[in-house]
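In: Sharing a model prediction with you, sequence too.
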Amino acid sequence: MQSNNIPKITTKETEHLRESYPALSHLEAGNVSEWLQERKDQLFEMARQSENEADMTRVLGLLAGGIGAVCYAVNPLAVVGGLIGGAAWLWFVVEHSNRTKEIAPIPFVRGNFVDAISRAGDYDSRSNYQADHLANTVKFLERQSAEEYAFLHAEFENIGQYLTQVEPGKRFYAYRWMFGWFGKLKGRQLPTYQSMALHLQDVTIDSRLNRSEVSAIAQAQTQLPPTVDIKQLTSPQVDIRDTHQAASLSKPEELQPSANGLSPDTITNLTLAQRANALIAALRKSGFQIEDMMSSQVIAIAGTQRGGKGTLAAILATLSLALDAGLNTQYFTAGVDVYPFSCNLISALKYPEKDADGADKLVARDLLKFLKGLDASEPYSHKNLLLVIDEAMRLLSLLDESDRTWAIQYLLSRFAKCGGTLIIVLHGSNLTSVVGKATAGLADTFKQSVNFIGCVAQSVSAGGLRKINVASGEYFKANPNNFAEPVNSGNLGMIPDWLKIELHPGNGQPDPARTLLKFFPELVQHHQPAVMPRGEKIAPPDAVNHLESIFSKPTQDVEIAEVEEVSISEADFEQILNIVTSAVTTPVSFAAIRNSRKWGEEKPSVRYLRGAIAQLIESKQLKGSEKLGFTAF
């Protein structure tokens, strides 16, 4: 029994809104699909009724206006009737134009009047008009109702799946919440179920719920005997802690020898290119748009941690190498978690005697040297190059600021001139977080020339309350301004189940890249730590910098000697120290000190400034060199 003392949350302006929906008790009792279909049919019938009323308004308005114009000489009052009819006709034309941006003055003619005239002599236009009959009918609804019909039409199955998992009493609220987000995202997608579930934790059961009706509807539901056992169609539940259980699952039908021969055991007799083409066709048939992903010379795979970025890079590189045996695949990555496909790998495995940070710094230096070599080469001289940069943000962050800016500028603006293909994996939320302020001017060019691919991670149980993030296998064309947001019609599909047989040795989750390599055993390359020759050691970066500074000292000594007799004022000494200590980034270059705005209109000469810095270094107030920059003690 509900207490009569509980005040209503609705107001007199909103009380009628819930009454316009089908009975909410059916939705809360679990008849989700039936309720959604009823609401969809209701909206369409409302659109048809609105269209009939609009046609009647135009007919009566034109008729009254015509009679008034013809009969005004017989009876002056006819003019009044004509004006009223004309006003009604004009009101509909203006109101309909505000809602749909179409001028429709003639009854029974939809859309713009000019378009209707052009359709009269064009068969194809008339055919398209007939095909869009449903959409044109919905235009006669109010804007919010039309958006709700589009919401149900586009996401009917997803809405049903979401709402069936919501507890009774919160389903109508969840429906309105999803509809609100559908409008905010301009119809591109729905929020994830995890975000909805997290939000609903703070939502209480609706106090207006008629519990007795819900209970009666739930009890009246009859269970008809199914013609097919639906349990046979559900996928088995796998505990990720039990890798033996996952390995024992039967392989999907696509990988069985009977499935058109698409099996590692039956197609290895084909050439690499034939196998690659067969797999690309199978992926495309499964809805995975692999060709669209390689539609640009520069492919940027972006998204959150554990979203499957490295997996997709490995898949694209493996298929590219299978199609072109002469491809030169250069793979740079931080860390040691590397997929075992054939390539020239530069990773922390190359420097086993260094710690993680030290090895990654050396990999970043190797990447910089490689890019410098490409920049110095002839245009289009590396047409057989496939450059893969995984963990790109990690590697670029380990470079000096000037080198990092140069590397980003080269990758964004000049790499394509070498003739190769670049696959770069980015960890960031948008282009600005990757490019930074130093190269913000290149952002628009980068957006137009790069194919951005986004991915999504999903959370799975690791036992008890613990969760881990794993790749969902779903990819989309990402918006450069927000890598988590797909562009219109940008869905690239999901990795099919038949490519998720092998398991990752680290987390025990399905590993599409390792599964793909089962089709190409010739392209498997197990990357091991490099073995250093006995007695040899890697020269540390500090030693290299020290040697370079030794070779450059004679020139510096001459420069300083030339200005030894120059008198430096104490104010200039303090100004130099002030510039260095207040700098945002250190060390501070010689050019930055000389061009600082703190000098005012007259900046010091090169000789004068070198003499001042030399004396500050001698007095132990500054340290560094012109090559490395200067910092204060």
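Out: Received, thanks.
In: Run through the stretch 151-300 of the chain and note the low-pLDDT ranges.
Out: In the predicted model of the stretch 151-300 of the chain, residues 221-262 satisfy pLDDT under 70.
In: Tell me which stretches of it form helices.
Out: For the stretch 151-300 of the chain, the helices defined by DSSP state H, counting those that start in this stretch occupy 171-184, 193-200, 211-220, 243-247, 264-267, 272-285, 290-293.
In: Please tabulate those in TSV, including the columns distance to Thr631.
Out: Any C-beta I mention is one placed from the backbone N, CA and C, and that applies to glycine too. Below are those laid out as TSV (distance: least, C-beta to C-beta, whole Å):
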stretch	distance to Thr631
helix 171-184	48
helix 193-200	46
helix 211-220	71
helix 243-247	51
helix 264-267	58
helix 272-285	53
helix 290-293	45
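In: Out of those helices, flag the one nearest Pro510.
Out: Pro510 lies closest to helix 243-247 among the helices of the stretch 151-300 of the chain, at 7.8 Å (C-beta to C-beta).
In: on that earlier part again, could the helices of the stretch 151-300 of the chain be laid out in TSV, adding distance to Ala47 and mean neighbour count?
Out: Formatted as TSV, the helices of the stretch 151-300 of the chain follow (distance: least, C-beta to C-beta, whole Å; neighbours: other C-beta atoms under 10 Å):
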stretch	distance to Ala47	mean neighbour count
helix 171-184	17	18
helix 193-200	28	14
helix 211-220	28	13
helix 243-247	49	13
helix 264-267	52	15
helix 272-285	37	16
helix 290-293	35	17
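In: so which of these gets nearest Val456?
Out: Closest among the helices of the stretch 151-300 of the chain, using C-beta to C-beta: helix 193-200, at 10.6 Å.
In: by contact count, what packs against the closest one?
Out: helix 171-184 (3 or more C-beta pairs under 8 Å, 6 or more residues apart in numbering; DSSP states H and E).
In: Leu426 is in contact with Ala300, isn't it?
Out: Yes - here Leu426 reaches Ala300: they are 5.6 Å apart, a contact under C-beta atoms under 8 Å.
In: Contacts only, for Lys500.
Out: Counting by C-beta atoms under 8 Å, 6 or more residues apart in numbering, Lys500 touches Gly473, Pro510, Asp511, Pro512, Thr515.
In: Those residues in helices, which ones?
Out: Pro512, Thr515 (DSSP state H).
In: How about the contacts made by Arg208?
Out: Counted by C-beta under 8 Å, 6+ apart, Arg208 has contacts Lys8, Ile9, Thr10, Arg18.
In: Against Gln144, how distant is it?
Out: From Arg208 across to Gln144, the span is 21 Å (C-beta to C-beta, to the nearest Å).
In: Redo the contacts of Arg208 as CSV? Include neighbour count, distance to Glu157 and secondary structure.
Out: Converted to CSV, those look like this (neighbours: other C-beta atoms under 10 Å; distance: C-beta to C-beta, whole Å; DSSP: H, G, I helix; E, B strand; the rest coil):
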residue, neighbour count, distance to Glu157, secondary structure
Lys8, 9, 35, coil
Ile9, 9, 31, coil
Thr10, 12, 31, coil
Arg18, 12, 25, helix
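In: Of these, which is the nearest to Lys285?
Out: Arg18 (45.6 Å).
In: For the longest helix belonging to the chain, what does the pLDDT average out to?
Out: With secondary structure taken from DSSP H, the chain has its longest helix at helix 32-71. For helix 32-71, mean pLDDT rounds to 80.
In: what is the orientation angle of that helix with helix 171-184?
Out: 60 degrees (axes from the mean of the first three to the mean of the last three C-alpha atoms, to 10 degrees).
In: Counting by contacts, list what helix 32-71 packs against.
Out: helix 24-29, helix 77-100, helix 133-138, helix 143-164.
In: which one of the ones you listed has the lowest average pLDDT?
Out: helix 133-138 (a mean of 66).
In: Now Asn491: which helix or strand?
Out: strand 482-494 (DSSP states H and E).
In: Enumerate the positions of stretch 150-161 that are buried.
Out: Buried residues in stretch 150-161, counted by 16 or more other C-beta atoms under 10 Å: Ala150, Phe151, Leu152, Glu155, Ile159, Gly160.
In: my bad, should have said stretch 411-422
Out: Buried residues in stretch 411-422, counting neighbours by 16+ other C-beta under 10 Å, are found at Leu411, Leu412, Phe415, Ala416, Lys417, Cys418, Gly419, Gly420, Thr421, Leu422.
In: With pLDDT and distance to Glu502 added, can I get the contacts of Arg208 in JSON lines?
Out: Below are those laid out as JSON lines (pLDDT from 0 to 100; distance: C-beta to C-beta, whole Å):
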{"residue": "Lys8", "pLDDT": "78", "distance to Glu502": "59"}
{"residue": "Ile9", "pLDDT": "82", "distance to Glu502": "54"}
{"residue": "Thr10", "pLDDT": "84", "distance to Glu502": "56"}
{"residue": "Arg18", "pLDDT": "85", "distance to Glu502": "52"}
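In: Nearest to Gly624 among those residues?
Out: Ile9 (67.8 Å).
In: Name the nearest residue to that closest one, ignoring sequence neighbours.
Out: Distances taken as C-beta to C-beta, 6 or more residues apart in numbering put Ser207 closest to Ile9, at 6.6 Å, once the chain neighbours are dropped.
In: Repeat that for Leu367.
Out: Phe332 is the one closest to Leu367 (C-beta to C-beta, 6+ apart), at 4.8 Å.
In: Could you check the pLDDT of Leu368?
Out: Leu368 is given a pLDDT of 91.
In: Does the closest residue to it other than its chain neighbours lie in a helix or a strand, and which?
Out: Nearest residue to Leu368, sequence neighbours excluded (C-beta to C-beta, 6+ apart): Asp403, at 5.6 Å. Following DSSP H and E, one finds Asp403 within helix 401-413.
In: about what we covered before: now the strand holding Asn491 - C-alpha only, CSV.
Out: Taking Å, rounded to 0.1, in the frame of the first residue of the first chain, the C-alpha atoms of strand 482-494 are listed here in CSV:
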residue,chain,number,x,y,z
ASN,A,482,37.8,13.8,-29.3
PHE,A,483,39.3,10.4,-29.9
ALA,A,484,36.5,8.7,-27.9
GLU,A,485,33.8,10.1,-30.2
PRO,A,486,33.1,8.5,-33.6
VAL,A,487,32.4,10.5,-36.7
ASN,A,488,29.1,10.1,-38.5
SER,A,489,28.8,6.7,-40.1
GLY,A,490,32.2,5.9,-38.8
ASN,A,491,31.6,2.4,-37.4
LEU,A,492,34.4,0.1,-38.5
GLY,A,493,33.0,-3.1,-37.0
MET,A,494,34.2,-5.5,-34.4
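In: can you give me how far it is from the chain middle?
Out: Its chain's average C-alpha position is 6 Å from that of strand 482-494, according to C-alpha atoms, centre = their mean, to the nearest Å.
In: and what of stretch 213-221?
Out: Worked out by C-alpha atoms, centre = their mean, stretch 213-221 lies 43 Å from the chain centre.
In: quick one: buried residues of the strand holding Asn491?
Out: Phe483, Ala484, Glu485, Pro486, Gly490, Asn491, Leu492, Gly493.
In: Format these as a markdown table; extra columns: distance to Asp375 and pLDDT.
Out: Output for the buried residues of strand 482-494, formatted as a markdown table (distance: C-beta to C-beta, whole Å; pLDDT from 0 to 100):
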| residue | distance to Asp375 | pLDDT |
| --- | --- | --- |
| Phe483 | 27 | 76 |
| Ala484 | 33 | 74 |
| Glu485 | 33 | 77 |
| Pro486 | 34 | 81 |
| Gly490 | 32 | 79 |
| Asn491 | 36 | 85 |
| Leu492 | 32 | 87 |
| Gly493 | 36 | 87 |
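In: returning to what we had before: could the contacts of Arg208 be laid out in TSV, adding distance to Arg597?
Out: Listed next are these as TSV, based on distance: C-beta to C-beta, whole Å:
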residue	distance to Arg597
Lys8	65
Ile9	60
Thr10	62
Arg18	64
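In: Now do the SS call for Ala478.
Out: At Ala478, secondary structure determined by DSSP: H, G, I helix; E, B strand; the rest coil is strand.
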